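Visitor: please find the sequence and the predicted model below.
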Number of protein chains: 4
Amino acid sequence: MNTLGNDFQVSILGESHGDVVGVLVDGVPSGIPFDHTDVQPALLRRRPGQSDVTTPRDEGDVCTIDSGTKDGVTTGAPVLMLIHNEDVDSSKYHEFLTKPRPGHADLTARILFADRNDYRGGGMFSGRLTAGLVMAGSLARKYLAQRGIEVAAHVRKVADVEAPKLDTVEQIRENVEDNLVRCADPDAAERMTEAIREARDDEDSLGGIVQCIAEGLPPGLGEPLFQKVEGVVGHAMMSLPATKGVQFGQGYDATEMRGSEHNDNWTYDEAGRIETAQNDGGGVFGGITSGMPIRTEVIFKPPTSIGQPQDTIDLETGEDTSLTVEGRHDPCILPRAVPVVEATMACAIMDLFAMRRGRGHGGA
Amino acid sequence: MNTLGNDFQVSILGESHGDVVGVLVDGVPSGIPFDHTDVQPALLRRRPGQSDVTTPRDEGDVCTIDSGTKDGVTTGAPVLMLIHNEDVDSSKYHEFLTKPRPGHADLTARILFADRNDYRGGGMFSGRLTAGLVMAGSLARKYLAQRGIEVAAHVRKVADVEAPKLDTVEQIRENVEDNLVRCADPDAAERMTEAIREARDDEDSLGGIVQCIAEGLPPGLGEPLFQKVEGVVGHAMMSLPATKGVQFGQGYDATEMRGSEHNDNWTYDEAGRIETAQNDGGGVFGGITSGMPIRTEVIFKPPTSIGQPQDTIDLETGEDTSLTVEGRHDPCILPRAVPVVEATMACAIMDLFAMRRGRGHGGA
Amino acid sequence: MNTLGNDFQVSILGESHGDVVGVLVDGVPSGIPFDHTDVQPALLRRRPGQSDVTTPRDEGDVCTIDSGTKDGVTTGAPVLMLIHNEDVDSSKYHEFLTKPRPGHADLTARILFADRNDYRGGGMFSGRLTAGLVMAGSLARKYLAQRGIEVAAHVRKVADVEAPKLDTVEQIRENVEDNLVRCADPDAAERMTEAIREARDDEDSLGGIVQCIAEGLPPGLGEPLFQKVEGVVGHAMMSLPATKGVQFGQGYDATEMRGSEHNDNWTYDEAGRIETAQNDGGGVFGGITSGMPIRTEVIFKPPTSIGQPQDTIDLETGEDTSLTVEGRHDPCILPRAVPVVEATMACAIMDLFAMRRGRGHGGA
Amino acid sequence: MNTLGNDFQVSILGESHGDVVGVLVDGVPSGIPFDHTDVQPALLRRRPGQSDVTTPRDEGDVCTIDSGTKDGVTTGAPVLMLIHNEDVDSSKYHEFLTKPRPGHADLTARILFADRNDYRGGGMFSGRLTAGLVMAGSLARKYLAQRGIEVAAHVRKVADVEAPKLDTVEQIRENVEDNLVRCADPDAAERMTEAIREARDDEDSLGGIVQCIAEGLPPGLGEPLFQKVEGVVGHAMMSLPATKGVQFGQGYDATEMRGSEHNDNWTYDEAGRIETAQNDGGGVFGGITSGMPIRTEVIFKPPTSIGQPQDTIDLETGEDTSLTVEGRHDPCILPRAVPVVEATMACAIMDLFAMRRGRGHGGA
């Protein structure tokens, strides 16, 4: 229901304008050094108000770790992490109960929860709940890093501005934090920034693609049929708000390649280790890791919250009407999605790990 | 592990060259009229040897229903369906143990199962196991049809030949069975056929996209966080062999749209029912169905089995080598993937249904 | 792992001497009126320090509801409930790391968590974590009461003092709160109190049996094979600390009955409704509810914490040694187990309900 | 639903008078030598028609292994095992649709499955489906035996005839197959046989207790809260037909012991290994194995099928009526329950193992 993962279980909780947003993580190996300083940097990258290409809303996200650690080390017990929300004005959301915003869950949430859902700030449908994923992902990344597994993401596409597909974590990290949009390619980053500012000035919004790479995985993770790497990672990514697609390796581009071109031939590297000559498959064969980097792309639609007037219905009158969503919006969610995609990838890989190694709590 | 679904559970079993391939389905409502005539037509559409654009291998797939029905009606007990494999020659697969085929699971399967996997015909990694999904999907479709829910798919893209994205099941069904590739657009179908024959003559293979639409769903299916429609359907689709991506609504194209263009505005139709003026979101808001058709696309890579010599390694000598995969291959899997994608969609929707209505066995 | 239930999921969290103990409940129907006043009375019944037959420790358990409700009504989102622990002195527990207490989890917890477990106060193995179950159970009971389903428990046996097995909730409620041990039979209650005081004065402890009845259930709950009522309820009860058995209907006594005596004959009551002439089976046939009350008994061992010196080992010296566990102990856990057993029964029934009715959030 | 286990998953299928009964087992480590000769002996022990203290019905249960092995060794793929039922006369069961047998699931099954259930021979509620558990258990036992883990059960009580509680597998095995009732104590066995024959001659039936011991387990199996050993094993045992209770260690007798007597003191054995001086707790502390034998008892009610006339209702007339269940019945199910309890224990332990070691397929 609201839990992701089989053996590393991430349960998101809270509401955008409620008391808290947070996460309960179960299946945590004991012995991982972990305190709030491991979480805070990623929360800051996700946080609104970072730059003029994101929303100017300012949410001071400070995380507490309420269970599952002792003296800064995980004990093996479930880890609860919370952010206590600050008081915010929810009054404008009342209107959306009867005038559902286009593209938002206002109406479908009402149907699902029989009009009882907490609609303030979007409630549990708010993008704010991804903070829980970021917290869980920080824990997963700490564990994975100890095993030489690294995860990195960047913005590869905004509107029609594309950066090259990258192959390694190092390529991503080189420049990704040097620009506001978190694109690893400085030239593309500049054009993306331009495009976002233009959309913002038009009270409009832009979509795009986040590319994510996970490196250092052992071969043999994943299960043959329904816990394939692509199934597990894809399910996790498709759970993020505003995602409309996920792809692996060459993804969409594979449709225009021939088998002779797309097949990743096996070869020995200079040290005699098995690798593939290229990595078009994205590090996975038959759903099982090959040891090569996992390459994923997540497609985000343009944010639904825009400042322009939009057509909708009035449930009270039964008539068509129009609506303007006031407030400060993200003209493009991609820069803030980068840490969320990384966290989601880390949680998914952690689950694949846990499926293979079991709940051997003392493994960290 | 090898089970898909939370409340409608599809467990695939068998091996390509073993005694059987099949499926055990649990969470089946009682009272669905169902016998092997409901399964056989879909199996024939999936089956090899249908035309010169698929593999000329001929597998006479005859299904038995071994439990869970009485007098041609489901009882609520688990439904076992089996196809008994015919004897086939597995000798050529022995070579791939030490010379893993590029793009295949030969090597990753060995690692996963510590050299004990049944490698004959690809074992449980074979595309042949999708016959189990087709059987389960036939059961799901019978139930869904009673509730006015229809599912249809067609080949929308092969290599660089694209057909238009469609909006309704009816549009798909009009022409889809009139051509060998199962593309709803006759012109595109002709060019696709051409392209496939050309690739086949080159001992090569082509990828593409299957579009699938599900229509007639009630609003309110799906869960807010991790059982979103996109998560559940996406996970299922990414479990199919050779898939490299899945997308909903406008998918990839959404990256080049602005919010003002992409947002699906709410409106009343002439009968006063709520709908959206367009369906770019693919029938889902916040992960919950809106009542509009679900529109999905599944990206398939070009088949890995090609007749050309390919580079690989020899695990016995520790040297690079090359390999030619003899035999008859699908130059393009898309035409045969259509019934599999439809079945997978039906299973996923059935699961979303079961999550909402519970295991109320007498609901059919 | 640390979650109970399929569709009504109760995830316990926290540590005895950590920051919090609590529970995250998922699969909660929207629309249940619920605030902390619905929880507090049951917490007080579970709480230490109530009387001289329980431990004189005083834990001021005050519950907060941190998510999943709005204006005192459930929204359908996950409900987080926490008790913030007060500062306590954990110093004495350090000794048990190397001198494991007999009957406790000191040593097995160390093995499980590779010496990283939070051992203070027993950590997550502490009986204090049942407070989370009590909170979740309060929510379940509120929902069930709206549907006419009531749950009640009492202490039926302490040491060799037995009270009669009861048949209805009303019989239990008549006297259960009139005595310190929470036994529905006043005479037996007196003798139980006596026995407990005697054991307490001997620095010893006593076990016994809690009987629990759930009434008003519709027929048809449960699943035929592995989600039988007895499996679901039994699993839940066997998760409580200090339980050594669970039985249904006549339980142990059924072993000395003949079939002709034990079989519950079907009959019509005066209003023409179907019932059974007796209820030796405990309201369940083939694992499925019959509509008659569910009758369960839970066997508790005598508490392991006693004031007498006991033999154990010293892991540092590798020699046998002895140990005296200082502090205030429950000479008999049964009186405080009554609200925990009721809460556990309510959670299990809620899960059986959810399995049948689905996650139809607006059902309350 | 119809699946037992988290990581070693046992899915029972089939109907008593349908085409097959069987089991699909997933999470099977690769590399276990396993063929039908590993299954058949346990099936023969479960089978009806063995002696005059069981039913004289003769079901020739011959098992096929249809997937998941190659050359007599498990591959890691799901293992399907089937018994093809012989044709039997189901005509007498039609009467029970309107005249439900006391104690049976005739009526509750109808309610659950909305009158669509396969009622012939009890359908999926038949004790015959335990053959599937026996088959899965045979596979688990083969794996566990390779790790030095042994499981044995015997009949410890029939009606008021009790045999001593035993401590080791060896004690059970010494005499258990030397008598018809499978009681490890020859004297008690004789009296049990007598009692059963007497009940049989009275057209009546007897209940009792099966004791089961599992030996050789490593310490550290189980999870602290809801996957305790007692929860996992207890759930499995309570899924068997006709069970009314399960207990661990001293079980019911613990209610009359004091803590000072019941606590299992830690000590070093002569070789310096940690053990407990006695094993009243049944090898489990805090839900986690200590390394001592697990001691469980399963309580069985007297079989509901007896030859005497019994009162019931007639659903067609809405009047009370009476019924005589013709045919051959088990006057006592205990002797045939012994292999079923052993198999169930083996499956539960296998699951506890899999939770700890993961789905590391190459571990056997």
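Guide: Received, thanks.
Visitor: distance of the residue of the stretch 201-350 of chain A found nearest chain D relative to B:Leu82?
Guide: Among all residues of the stretch 201-350 of chain A, A:Glu223 sits closest to chain D, at 7.1 Å; criterion: CB to the nearest CB. For every residue, glycine as well, the C-beta is placed using N, CA and C. Per CB to CB, to the nearest Å, A:Glu223 is found 22 Å from B:Leu82.
Visitor: am I right that the residue of the stretch 201-350 of chain A closest to chain D sits in a strand?
Guide: No - membership of A:Glu223 in a strand is not supported by DSSP: H, G, I helix; E, B strand; the rest coil, which gives coil.
Visitor: number of nearby residues for it?
Guide: If you count neighbours by other CB atoms under 10 Å in any protein chain shown, A:Glu223 ends up with 26.
Visitor: was I right to think it contacts A:Arg356?
Guide: No - the pair A:Glu223 / A:Arg356 is not scored as a contact, 9.1 Å apart, by CB atoms under 8 Å.
Visitor: now the helices: where do they sit in chain A?
Guide: Listed in chain order, the helices of chain A (DSSP state H) span A:40-46, A:95-98, A:106-112, A:130-146, A:169-175, A:186-201, A:229-237, A:259-262, A:334-357.
Visitor: packing partners of the longest one?
Guide: Other elements packing on helix A:334-357 under the criterion 3 or more CB pairs under 8 Å, 6 or more residues apart in numbering or on different chains; DSSP states H and E are strand A:3-4, helix A:40-46, helix A:130-146, strand A:150-158, strand A:208-215, helix A:229-237, strand A:294-300.
Visitor: one more pass at 6 Å, please.
Guide: Applying 3 or more CB pairs under 6 Å, 6 or more residues apart in numbering or on different chains; DSSP states H and E, we find helix A:334-357 packed against helix A:40-46, helix A:130-146, strand A:150-158, strand A:208-215, helix A:229-237.
Visitor: swap in the first one?
Guide: Using 3+ CB pairs under 6 Å, 6+ apart as the contact criterion, the neighbours of helix A:40-46 among helices and strands are helix A:130-146, helix A:334-357.
Visitor: what comes into contact with the last one?
Guide: Contacts of helix A:334-357 from elsewhere in the structure, counted by CB atoms under 6 Å, 6 or more residues apart in numbering or on different chains, are A:5-8, A:10, A:27, A:42, A:45-46, A:54, A:130, A:133-134, A:136-137, A:140-141, A:151, A:153, A:155, A:158, A:181-182, A:208, A:210, A:212, A:214, A:221-222, A:232-233, A:236-237, A:298, D:358-360.
Visitor: and if you look at the shortest one?
Guide: Around helix A:130-146, the neighbours that count as contacts under CB under 6 Å, 6+ apart are A:10, A:12, A:21-23, A:25, A:32, A:34, A:38-39, A:42-43, A:46, A:61, A:63, A:81, A:83, A:339-340, A:343-344, A:346-347, A:350, A:364.
Visitor: for the stretch 1-150 of chain A, what lies in contact range of chain B?
Guide: Contacts of the stretch 1-150 of chain A with chain B, taken as CB under 6 Å from any CB of the partner chain, map to A:1-2, A:4, A:12, A:100, A:102-103, A:105, A:108, A:111-112, A:124-125.
Visitor: pipe these into TSV and attach neighbour count and distance to B:Arg200 per row.
Guide: Shown next, in TSV, are these (neighbours: other CB atoms under 10 Å in any protein chain shown; distance: CB to CB, whole Å):
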residue	neighbour count	distance to B:Arg200
A:Met1	18	47
A:Asn2	23	48
A:Leu4	24	42
A:Ile12	27	48
A:Pro100	25	51
A:Pro102	28	46
A:Gly103	26	44
A:Ala105	28	47
A:Thr108	26	45
A:Ile111	21	49
A:Leu112	29	48
A:Met124	29	51
A:Phe125	27	48
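Visitor: which one of those residues is nearest C:Glu256?
Guide: A:Met1 (44.6 Å; CB to CB).
Visitor: is it correct that the closest one is in contact with B:Glu223?
Guide: Yes - using CB atoms under 6 Å, A:Met1 is in contact with B:Glu223, at 5.4 Å.
Visitor: which two among the residues of the stretch 1-150 of chain A next to chain B are spaced furthest apart?
Guide: Farthest pair in the residues of the stretch 1-150 of chain A next to chain B, by CB to CB: A:Leu4 and A:Pro102, 27.9 Å.
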